[in-house]
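Structure for the following, please:
(one chain, ligands or ions: 2)
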Amino acid sequence: MYNTIIIGAGIAGSVMARKLAEEGGEQVLVLERRDHIAGNCYDKADEYGVLIHEYGPHIFHTGIEEVREYLSRFTDWYDFGHEVVANVHGRLIPIPFNLNTLHMVYEKEQADRLEKKLIEAYGEGSRVPIMKLRENEDADIRQIAEYVYENVFLKYTMKQWGQTPEEISPEVTGRVPVLISRDNRYFQDKYQGVPLYGFTPMFERMLDHPGIEVQTGTDCKDRLSFSADGTVLFDGEPYTGRIVYTGAIDELFDCVYGRLPYRSLNFVFEHYEQDDFQGHSVVNYTVSEDYTRITEFKHLTGQKDAKGTTIVKEYPFAYTGADGEIPYYAILNDKNQALYEKYKALTKRYGNLYLLGRLAEYKYYNIDAMTKHALELADELMAKRA
Ligand code: FAD
Ligand code: UDP
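Ligands and ions are numbered 1, 2, ... in the order given. Modelled structure (predicted):
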């Protein structure tokens with residue numbers, strides 16, 4: 001009856017569902033274990049009427065025209081240049097560390113000299129990962145690098161990952177490079193902002209298609225079973241259609257080789273009967289506190305009609321797989337990749353099973369890269385069938 005069963009209604013599963021139904025003319029079933037769609041992008045009004053992001057602040061940012069265009073079919077946008085500041089001993093400085101930040105933390109004469117050196121070394125407008133900056137042979141540049149390392153990266157990374165910046169994949173700290181420019185924005189992508197009416201309505205429209213059926217509150221494990229001989233049963237009957245799985249790969253195989261490690265987050269929401277809490281959408285706490293950052297939603301969503309303001313603090317911890325915990329961040333290293341590959345090898349038994357998404361691929365995807373990958377895989381799958 002269904003050409004494809006998709007597990008997970010996050011951005012990966014939802015984009016895939018829409019493409020297969022609309023362009024492939026397929027009947028698609030989406031199974032989602034949470035009681036809502038939109039995965040980690042889910043947003044909703046809280047009890048005070050403030051639009052919040054339940055699983056942490058999400059800003060859509062991309063330079064990929066195709067992705068912006070595709071998602072624009074389902075939403076208008078509230079566009080803004082997303083800015084983040086760090087609270088360093090009570091002082092707020094722009095993050096990523098850039099030439100404006102440099103002038104805030106050094107005296108004018110010294111800052112002018114250091115700026116010149118940085119531009120000479122890397123070129124105006126360049127993006128330098130902190131771990132690269134620390135390797136520079138010039139003592140002055142290394143001094144800046146040490147300042148940034150100590151005041152922006154060390155403590156925050158210890159909180160977020162339980163490891164130092166040296167111990168984690170350079171890809172991760174490389175996401176927030178030192179900017180040799182006066183651009184205070186967190187991302188440099190052409191498009192940035194949030195869906196005008198929220199992420200969830202964007203997903204609702206994407207999944208609203210006659211070829212798509214969505215069942216929330218449904219764990220795929222209760223409907224699908226995967227036998228060691230390669231057969232798949234759906235509601236107890238053999239199923240030979242396609243399956244696109246966007247959940248955690250280790251869970252699919254009952255964690256037979258042990259759990260893939262993840263970092264998780266505890267989100268603590270607070271509401272204040274005041275107009276403004278921190279004057280910024282996101283403040284990173286890079287030298288103090290147990291939480292990594294505070295997000296004040298109305299500055300992020302542009303909401304004007306809410307009374308009071310709601311914030312969220314993020315407390316990272318090591319995911320254990322206990323009930324209610326959510327795996328958020330894959331921990332990228334060789335050992336974990338090797339374990340991932342062992343699980344991936346098990347999927348080969350099932351000719352029609354495809355892995356897609358942050359969890360199924362054990363990768364660090366942004367929304368835009370995830371969308372692009374889902375679009376590409378959908379094209380590939382449709383071509384295979386034709
Ligand atoms: P998910 O959104 O996690 O969706 C997977 C879905 O599968 C979930 O809904 C889950 O419930 C469901 N599922 C899992 N197992 C089963 C099962 N057994 N049965 C049924 N359903 C199941 N990206 C950005 O571009 N900008 C940002 O600002 C940004 N901020 C982020 C902040 C945080 C705190 C985090 C953790 C991520 C952030 N991201 C951001 C990344 C973004 O969340 C991901 O790129 C995106 O959510 C990946 O989509 P996905 O569909 O792969 O996964
Ligand atoms: N990071 C940091 N201090 C900051 C911002 C980022 O140390 O003020 C490091 C930290 O290790 C973090 C990584 O850079 O995990 C990537 O940051 P990003 O904001 O991209 O993380 P995400 O939004 O995915 O949580």
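
anything in stretch 315-335 near ligand 1?
Yes: using Cβ under 6 Å from any ligand atom, stretch 315-335 comes into contact with ligand 1 via residue 328. Every residue, glycine included, has its C-beta placed from N, CA and C.

in that stretch, what counts as buried?
316, 319, 327-332 (16 or more other Cβ atoms under 10 Å).

from the residues you listed, which is closest to residue 200?
residue 328 (18.8 Å; Cβ to Cβ).

from memory that closest one sits against residue 264, does it?
Yes: Residue 328 lies in contact with residue 264 (Cβ atoms under 8 Å); the separation is 5.5 Å.

tell me, what's touching the two both at once?
Common contacts of residue 328 and residue 264 (Cβ atoms under 8 Å, 6 or more residues apart in numbering): residue 319.

can you tell me the helix or strand for residue 201?
helix 199-207 (DSSP states H and E).

Going by neighbour count, which residues in that helix are buried?
199-200, 202-207.

Dump those residues to JSON lines, plus distance to ligand 2 and pLDDT.
Shown next, in JSON lines, are the buried residues of helix 199-207 (distance: Cβ to the nearest ligand atom, whole Å; pLDDT from 0 to 100):
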{"residue": "199", "distance to ligand 2": "16", "pLDDT": "98"}
{"residue": "200", "distance to ligand 2": "20", "pLDDT": "99"}
{"residue": "202", "distance to ligand 2": "20", "pLDDT": "99"}
{"residue": "203", "distance to ligand 2": "20", "pLDDT": "99"}
{"residue": "204", "distance to ligand 2": "25", "pLDDT": "99"}
{"residue": "205", "distance to ligand 2": "26", "pLDDT": "98"}
{"residue": "206", "distance to ligand 2": "23", "pLDDT": "99"}
{"residue": "207", "distance to ligand 2": "25", "pLDDT": "99"}
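
Quick check: the farthest pair among those residues?
199 and 207 (12.6 Å).

Name the residues contacting each of the two.
With Cβ under 8 Å, 6+ apart as the test, residue 199 and residue 207 reach no residue in common.

Name the residues of this structure found near ligand 2, please.
With the criterion set to Cβ under 6 Å from any ligand atom, the chain comes near ligand 2 through 86, 95, 152-153, 156-157, 160, 172-173, 175-176, 284, 286.

remind me which residues of this protein are low pLDDT?
386 (pLDDT under 70).

the helices in it, which residues?
For the chain, the helices defined by DSSP state H occupy 11-22, 65-72, 99-105, 108-122, 130-133, 139-148, 155-161, 170-173, 199-207, 249-252, 297-301, 334-347, 367-385.

quick one: the longest one near ligand 1?
Meaning helix 367-385. Yes: shown here: helix 367-385 in contact with ligand 1 (Cβ under 6 Å from any ligand atom) through 367-368, 370.

how near is the residue with the largest distance to the centre of the chain to residue 320?
Centroid-distance maximum for the chain: residue 109 at 39.7 Å, with Cα atoms, centre = their mean. Residue 109 sits at a distance of 52 Å from residue 320 (criterion: Cβ to Cβ, to the nearest Å).

Let's see stretch 133-145 as PDB, backbone CA atoms only.
Extracted C-alpha coordinates of stretch 133-145, given in PDB (Å, rounded to 0.1, in the frame of the first residue of the first chain):
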ATOM      1  CA  LEU A 133      45.200  30.700  14.800                       C
ATOM      2  CA  ARG A 134      46.900  29.100  17.800                       C
ATOM      3  CA  GLU A 135      49.600  27.600  15.500                       C
ATOM      4  CA  ASN A 136      50.600  31.000  14.000                       C
ATOM      5  CA  GLU A 137      54.300  31.700  14.500                       C
ATOM      6  CA  ASP A 138      53.900  35.300  15.300                       C
ATOM      7  CA  ALA A 139      53.900  35.900  19.100                       C
ATOM      8  CA  ASP A 140      51.300  38.800  18.800                       C
ATOM      9  CA  ILE A 141      48.900  36.700  16.800                       C
ATOM     10  CA  ARG A 142      49.400  33.800  19.200                       C
ATOM     11  CA  GLN A 143      48.600  36.200  22.000                       C
ATOM     12  CA  ILE A 144      45.200  37.000  20.400                       C
ATOM     13  CA  ALA A 145      44.600  33.300  19.800                       C
END
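
how about it: buried residues?
133-134, 136, 141, 144-145.

now do stretch 54-67
Buried residues in stretch 54-67, counted by 16+ other Cβ under 10 Å: 54-55, 57-62, 64, 67.

Pick out the residue of the stretch 101-250 of the chain closest to ligand 1.
In the stretch 101-250 of the chain, no residue comes nearer to ligand 1 than residue 247, which is 2.6 Å away by Cβ to the nearest ligand atom.

swap that for the stretch 51-200 of the chain, sorry
At 2.8 Å from ligand 1, residue 56 is the closest residue in the stretch 51-200 of the chain, using Cβ to the nearest ligand atom.

Could you verify my assumption that that residue touches residue 315?
No: in terms of Cβ under 8 Å, residue 56 does not count as a neighbour of residue 315; the distance is 11.3 Å.

Now the common contact residues for these two.
In contact with both residue 56 and residue 315: 265, 267, using Cβ under 8 Å, 6+ apart.

List just the nearest of the buried residues of stretch 315-335 to ligand 1.
Distance to ligand 1 across those (Cβ to the nearest ligand atom) is lowest for residue 328, with 3.8 Å.
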